[in-house]
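Peer 1: quick check, what structure comes out for this input:
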Amino acid sequence: METIMCSGFKAAGVASGLKKNGEKDLGLIFSTVPANVAGLFTRNKIQAAPVLLDKKRIKSGVCQAVIVNSGNANCCTGDQGMRDAAAMAKFASSGLGISEDLVLAASTGVIGEPLPVEKIEAAIPSLVKALKPEGISDFAEAIMTTDTVPKVAFRQGKLDGKTFTITGVAKGAGMIRPDMATMLCFVCTDINADPDLLKDVLYIAAEQSFNRITIDGDTSTNDTLLIMANGLSGAVVKNRTDKNLFQGILNDLLIGLAKEMVRDGEGATKLVEIVVKGALSNEDARKVADTVANSNLVKTALFGEDANWGRILAAAGRAKVPVEPDKVDIFFNDVLMVKAGMGCGKTAEAEAAKVLKVPEFTILIDLNIGNGYASVFTCDFSIDYVRINADYRS
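Peer 2: Numbers count the residues shown, from 1 in each chain. Below is the predicted model:
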């Protein structure tokens, strides 16, 4: 599907030499006019230099460009790392002819290695020259690490007869779990919305998307989710109705990108939604869903296409919320596997085994003790995941 870039936004991606394989590793998003901005960042206590830089600069609520590198996380690099993050932004601002304060930065890759900023500086002229509305696909490639496919999506809506566009690009395939925001994601829109409103809608959208996914239970040090709104479509968010419409479209966009991440999880072969209902509260349901979704035993059974419902029930039982074993039902899609805490027999297992062979399905856990509901997207845990991460630095 063709991806439409928002009015006034351009993007680019080039190879600067940060990656050993010579692939694209430096990306730039630029708005022809200053844009309102909001962001969410990792809750990991260890935070990369660009995250710390962005958390300071984003307080102004205005941004015009984002420069991103892959191949090096610029994390745990001390004071020099902070200087390098600032230098990276400064190189971009000089190349674009805009204020340094209007540039945010992000990095992804190996932790603990100095960022070779001289390579970034040398690549700026070609990066700026490559900027174009359709350059978002090159940008998406430039921010990939262990991703196997670029992740770009767009949605459109109308306010007062004026069409606005939201374009999102993300990367993430490993070191992913719900803890805002477990990846890099950059959202551009030509709608007119103030920074406080952007922060509100971004938080809600993230809770429904990126905070509902897990690949391996790990949270990165570099997680960054940014939204820029330059207003060039002429569509303006003026009231609650407008906000709700914008919110719904943004939710849909980010949910789509979040599912693409799980689908592209390192070594993953299955996208599985873990749905929990009948808990005493939504919070309890979420704890059960998270525990099951992050269980290595459950995830390896999914890879092996083994309908091992005992692992699911055991994970639910250690979520530290009320569970009454003799009331729990478990479904694989519409196949009832467990009724009142007891297996439904070999025929049910055979039907469930058929479900496990498809690339996407749902596991429903009904606790039958309340009205609480939650869901999380997860993937299987394959041999390839171990292989990819065993030699990631090499």
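
Peer 1: tell me how many other residues crowd the nearest residue to A87 once chain neighbours are set aside.
Peer 2: Excluding the flanking residues, the one nearest A87 by C-beta to C-beta, 6 or more residues apart in numbering is V117, at 5.0 Å. All C-beta atoms are positioned from the backbone trio N, CA, C, and that covers glycine. V117 has 21 neighbouring residues, counting by other C-beta atoms under 10 Å.

Peer 1: confirm F186 sits in a strand?
Peer 2: Yes: F186: assigned to a strand according to DSSP: H, G, I helix; E, B strand; the rest coil.

Peer 1: who's it bridged to?
Peer 2: V169, L226 (DSSP bridges).

Peer 1: distance of it relative to D79?
Peer 2: 27 Å (C-beta to C-beta, to the nearest Å).

Peer 1: pLDDT score assigned to R393?
Peer 2: pLDDT recorded at R393 is 50.

Peer 1: who has more neighbours, F186 and D79?
Peer 2: Remark: of F186 and D79, F186 carries more neighbours, 26 against 8, as counted by other C-beta under 10 Å.

Peer 1: how deep is the residue lying closest to K327 once chain neighbours are set aside tucked in, by neighbour count?
Peer 2: Closest residue to K327 apart from its sequence neighbours, by C-beta to C-beta, 6+ apart: N368 at 4.2 Å. Residues lying near N368 (other C-beta under 10 Å) number 16.

Peer 1: G345 now?
Peer 2: The burial count for G345: 10, using other C-beta under 10 Å.

Peer 1: cool, and V110?
Peer 2: 14.

Peer 1: look up how far A140 lies from it.
Peer 2: With C-beta to C-beta as the criterion, V110 and A140 are 20 Å apart.

Peer 1: my guess is the residue nearest to K327 contacts V328. True?
Peer 2: Yes: here N368 reaches V328: they are 6.9 Å apart, a contact under C-beta atoms under 8 Å.

Peer 1: need the strands for the stretch 201-350 of the chain, in chain order.
Peer 2: Secondary structure of the stretch 201-350 of the chain (DSSP state E, counting those that start in this stretch): strands at 224-229, 271-279, 329-332, 335-339, 342-343.

Peer 1: and for the stretch 1-150 of the chain?
Peer 2: 9-14, 26-41, 62-70, 103-108.

Peer 1: deepest in the core, which of these is it.
Peer 2: Across these, averaging neighbours per residue (mean count of other C-beta atoms under 10 Å) puts strand 103-108 on top, at a mean of 29.

Peer 1: so, low pLDDT: which residues of the stretch 51-200 of the chain?
Peer 2: 173-182 (pLDDT under 70).

Peer 1: do a quick rundown of the helices in it.
Peer 2: 78-96, 117-129, 136-142, 195-208 (DSSP state H, counting those that start in this stretch).
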